[in-house]
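Asks: structure of the sequence below:
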Amino acid sequence: MSSSDTSSRGSRAGRGKLFVITGPSGVGKGTLIRRLREAVPGIDLSVSATTRAPREGERDAEDYHFMKPEEFDGFVRDTVNFLDYAGDPSQAQRRGIGIWVVLFLLVFTAFAWFLKKEYWKDVH
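Replies: Okay, the predicted model is just below:
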């Protein structure tokens, strides 16, 4: 890429375009992707995971990541946990503060109970 290419795209320099190729089994998604990658150099492919057995000619980590159902479930569980953490990075901080809030409320409740006890002692 020349410097004129970079400047003509402005702030979008280095960004690519995302294409999603989807369809039911057997419609030719793989053929389309293979021909597209042959015709246009530099296209990257995001490789999906599946629990099915490889078909003839399919290679692991190139066509699909072939996984056992237990592996796939573990991968999904780990991914969901990571996304939950990444989506709310302050959660750990709030949990740490929450413990102190509960302790404060317990101490405050005990203090209020003792004050009530002392106050009502003189009323009777």
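
Asks: can you pull the phi/psi pair for the residue nearest the centre of the chain?
Replies: Nearest residue to the geometric centre of the chain (CA atoms, centre = their mean): residue 83, 3.0 Å. With angles defined as degrees, to the nearest 10, residue 83 sits at phi -60, psi -40.

Asks: again with residue 122
Replies: phi -80, psi -20.

Asks: burial count for residue 112?
Replies: 10 (other CB atoms under 10 Å). Any C-beta I mention is one placed from the backbone N, CA and C, and that applies to glycine too.

Asks: that one: which element?
Replies: In this structure, residue 112 sits in helix 91-123 according to DSSP states H and E.

Asks: if I look at the residue nearest to the centre of the chain, how far off is residue 93?
Replies: Separation of residue 83 from residue 93 (CB to CB, to the nearest Å) stands at 18 Å.

Asks: show me where this structure has its helices.
Replies: Shown for the chain, the helices assigned by DSSP state H span residues 3-9, 29-39, 69-87, 91-123.

Asks: can you put those helices in JSON lines and add mean pLDDT?
Replies: Listed next are these as JSON lines, based on pLDDT from 0 to 100:
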{"stretch": "helix 3-9", "mean pLDDT": "44"}
{"stretch": "helix 29-39", "mean pLDDT": "91"}
{"stretch": "helix 69-87", "mean pLDDT": "92"}
{"stretch": "helix 91-123", "mean pLDDT": "87"}
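
Asks: residue 50 is nearest to which of the ones you listed?
Replies: Closest to residue 50 of those, according to CB to CB: helix 69-87, at 8.0 Å.

Asks: quick one: that closest one to helix 91-123, angle?
Replies: If you take axes from the mean of the first three to the mean of the last three CA atoms, to 10 degrees, helix 69-87 sits at 60 degrees to helix 91-123.

Asks: which non-adjacent residue is nearest residue 43?
Replies: residue 37 (5.2 Å; CB to CB, 6 or more residues apart in numbering).
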